[in-house]
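J.: Have a look at this prediction, sequence included:
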Amino acid sequence: MSSTVTPGPNTTNGSTTTLTTILEQGGTGTITGTVFLDINKNSVKDAGETGVAGAWVGATKDGGASFMGFGTSDATGAYSIIVPNNMPAAITPYTVTMIPPTGYYPVGTVVLSGIWVSIGQTVTGYNFSVINFTSISLTADRVLALGT
């Protein structure tokens, strides 16, 4: 939507000035995905690979200085973040960041970028893969060497 403003009789030297402005409608959209246990470590959610609960996921447009929306993955590994739309202006895309829950580490990336969201739109498929690890504790009376 644009508007034109033409000043009234108080304009100097009788000239007409036209100002054009673009008003952008505000609204929200949704970014969704899954955090899953990547058993074969290929960063693809394969059959039998289950979701992981408790991962923090947030959407930013400024490299993480502030987050426009965030949440945690549920019992099925699904997350859903409501964010202000960044389309149709298409100036700054969203970047989604994931922090794995305790006991897990990322298999692939923890940052997905270039995400555009229109008003009322749900963008899907922004998935993160993790694998779990086991902590071990050793008690010894002498020096031990551990091999892989």
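T.: The structure has been received and is ready for your questions. Numbering: from 1, shown residues only.
J.: Show me what residue 123 is bridged to.
T.: Residues in a beta bridge with residue 123, per DSSP bridges, are residue 31.
J.: Please name the residues that touch it.
T.: Shown in contact with residue 123 (Cβ atoms under 8 Å, 6 or more residues apart in numbering): 29, 30, 31, 32, 115, 116, 117. From N, CA and C alone the C-beta is placed, and that goes for glycine too.
J.: before we move on, what SS does residue 59 have?
T.: Following DSSP: H, G, I helix; E, B strand; the rest coil, residue 59 is assigned to strand.
J.: neighbours of it, just the number please.
T.: 23 (other Cβ atoms under 10 Å).
J.: before we move on, what about the one 5 residues further on?
T.: Here the neighbour count serves as a burial measure; for residue 64 (other Cβ under 10 Å) it reads 11.
J.: wouldn't it be in contact with residue 96 here?
T.: No - contact criterion Cβ atoms under 8 Å: residue 64 and residue 96 do not qualify, at 10.9 Å.
J.: Looking at the contacts of residue 123, which is nearest residue 131?
T.: Proximity of the contacts of residue 123 to residue 131 (Cβ to Cβ) peaks at residue 32, which lies at 22.1 Å.
J.: Distance of that closest one relative to residue 141?
T.: 53 Å (Cβ to Cβ, to the nearest Å).
J.: Pick out the most distant pair among the contacts of residue 123.
T.: The span of those, defined through Cβ to Cβ, is set by 32 and 116 at 14.3 Å.
J.: What residues are bridge-paired with the spatially most central residue of the chain?
T.: Nearest residue to the geometric centre of the chain (Cα atoms, centre = their mean): residue 96, 2.0 Å. Note on residue 96: beta-bridge partners residue 59, residue 112, judged by DSSP bridges.
J.: Tell me who's in contact with it.
T.: Counting by Cβ under 8 Å, 6+ apart, residue 96 has contacts 31, 33, 57, 58, 59, 81, 111, 112, 113, 115, 126.
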